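Participant: Provided below are the primary sequence and the corresponding predicted coordinates.
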Protein chains: 2
Amino acid sequence: MPDAHTETRTASEVAELLDRLRRASHALQFVHGLNPAQWEALRFLGRANRYSRSPSTLAEYLGTTKGTASQTLRALETKGYVERCRDCADRRGVSVELTAKGRELLLVDPMLGIERAVEALPRECGEHLAKGLAVVLGKIRGSCRQGAFGVCERCRHLVAEGVGQTTLCGLTGEPLSKEDAKLLCVNFGECAEARATGSPAAAS
Amino acid sequence: MPDAHTETRTASEVAELLDRLRRASHALQFVHGLNPAQWEALRFLGRANRYSRSPSTLAEYLGTTKGTASQTLRALETKGYVERCRDCADRRGVSVELTAKGRELLLVDPMLGIERAVEALPRECGEHLAKGLAVVLGKIRGSCRQGAFGVCERCRHLVAEGVGQTTLCGLTGEPLSKEDAKLLCVNFGECAEARATGSPAAAS
DNA sequence: GACTTTTGATTTCGAGTCGATACATTACGG
DNA sequence: CCGTAATGTATCGACTCGAAATCAAAAGTC
């Protein structure tokens, strides 16, 4: 039975491909005067909801340390792509926002090249890719410092109200606009239902 | 009708997953006193054939600069995981070899965790993943500094001799042992035939 | 309520590393 | 020989990590 054998070969092949893709995208991100960490921070800020735009949240998302995240943000601030101001509610916290210049820079994000490459794939192929990657990521998340994150739309804390018009976050009790619900949140909680409707292979 | 829409969503999802996986594996590789670059170099040296174990080849593989590769190797040498000696043939060159200690360290490579995660996937899923990743990687290779690389077994320069027993490299004219043919080589050339037989039915 | 302690978030600091550039050494071609 | 190309190394500024320090809020304590 060459089954297990083939399996192992595929696994190490995938691991290698991931590794190479990782380095490739690393090398791709030394453009426009930013480095990979700075691009990642910029992207994150462009997609994070208001509960998640802080240095420590960024650190959690990036799987890095708070010190590094702080300095990355400072570099971006010096370059004029973000602004930091002390949070009004809790003055320990810092709220980080993209500037107009920062938003503009996101339009030439080098990672868009990868996105385009994925778009060029047959649709089914892209979906398989997404699914496989999600599973792998889920499996190793425990062993690294990265947090879960996810969009409110698929979060188990989401509460619908009225005729599917108004929604709010069950944790904070605050209402969420449609755009808000598409943003990343630290407090994301996996929704069992989403898995089920995702595809018929959730039960273990 | 939301076809194009779904497609784009999948694409950006995949791009994000790749990004996060990249970050996760970055964080995973701060163990045993090495950093990600050093692990990558160690892995490469464990899989590179004799034409490819040099600082500049390492730089090409990693998509980094020669200077960085040189420093990474120096760090590994200081820690006793590799040895450097001047190449006898071309005295500009340096030949880098893993020490026994280096080989041992590879047994606890943190990236093996990802491999195991992939192994746990359904077989078909893993293959889809491999295929998709390979295509994406191929598409973006042009835009970054990374070289092609590949194993001699599937290189177009490979020449078979006798009854499928002895093989040799068409570029150097030197014979290749079975183990040699499984190693990575800088001079790898894509073989059209290999693509065609694509599926794992090469030697049915 | 005012003071101390604890908790939490962020920044600062030192050692080590990275990418870019400049430099040294060796090979190769006329 | 001399110039050019290829290979590695050294240096510099910027960055990363991890730990310790700073600062603000919350929780005890009197």
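Facilitator: Sure thing, it's come through. Numbering: from 1, shown residues only, chains lettered A, B, ... in the order given.
Participant: what ranges do the strands span in chain A?
Facilitator: Along chain A, counting by DSSP state E, strands occupy A:82-86, A:94-98, A:150-151, A:158-161, A:166-169, A:175-176, A:184-185.
Participant: To residue B:143, which of the ones you listed lies closest?
Facilitator: Residue B:143 sits nearest to strand A:94-98 of all the strands of chain A, at 25.4 Å, using C-beta to C-beta. Backbone N, C-alpha and C define where each C-beta goes, glycine included.
Participant: My guess is residue A:14 contacts residue B:126. True?
Facilitator: Yes - the pair residue A:14 / residue B:126 is scored as a contact, 6.0 Å apart, by C-beta atoms under 8 Å.
Participant: neighbour count winner among the two?
Facilitator: residue A:14 (29 against 22; other C-beta atoms under 10 Å in any protein chain shown).
Participant: Local confidence estimate at the more buried one?
Facilitator: Residue A:14 is assigned 88 on the pLDDT scale.
Participant: next one: residue A:112
Facilitator: 91.
Participant: And for residue A:63?
Facilitator: 87.
Participant: Identify each buried residue in the lengthiest helix in chain A, please.
Facilitator: Scanning chain A for the helix with the most residues, using DSSP state H, yields helix A:3-28. For helix A:3-28, a neighbour-count test (16 or more other C-beta atoms under 10 Å in any protein chain shown) marks A:7, A:10-28 as buried.
Participant: in stretch A:147-167, what counts as buried?
Facilitator: In stretch A:147-167, counting by 16+ other C-beta under 10 Å, buried: A:147, A:148, A:149, A:150, A:151, A:152, A:154, A:155, A:158, A:167.
Participant: do the same with stretch A:71-90
Facilitator: Those would be A:72, A:73, A:75, A:76, A:79, A:81, A:82, A:84, for stretch A:71-90 by 16+ other C-beta under 10 Å.
Participant: what two of those residues are the furthest from one another?
Facilitator: A:79 and A:84 (12.9 Å).
Participant: which one in the buried residues of stretch A:147-167 is the model shakiest on?
Facilitator: residue A:147 (72).
Participant: okay, now the closest residue to that residue other than its chain neighbours: neighbour count?
Facilitator: Distance criterion C-beta to C-beta, 6 or more residues apart in numbering or on different chains; nearest residue to residue A:147, sequence neighbours excluded, is residue A:60 at 4.1 Å. Neighbour count of residue A:60, defined by other C-beta under 10 Å: 19.
Participant: I'd guessed residue A:60 sits against residue A:141; true?
Facilitator: No - shown here, residue A:60 and residue A:141 do not form a contact pair, counting by C-beta under 8 Å, at 11.5 Å.
Participant: Return the residues of chain A in contact with DNA strand D.
Facilitator: A:35-38, A:64-68, A:71-72, A:75, A:90-92 (C-beta under 7 Å from any atom of the strand).
Participant: which pair in the residues you listed spans the largest distance?
Facilitator: A:36 and A:91 (31.9 Å).
Participant: Neighbour count: these two, which is higher?
Facilitator: residue A:36 (19 against 8).
Participant: Name the nearest residue to that one, sequence neighbours excluded.
Facilitator: residue A:29 (4.0 Å).
Participant: Just list the residues touching the one you found, thanks.
Facilitator: Going by C-beta atoms under 8 Å, 6 or more residues apart in numbering or on different chains, residue A:29 touches A:35, A:36, A:39, A:110, A:111.
Participant: Thank you, goodbye.
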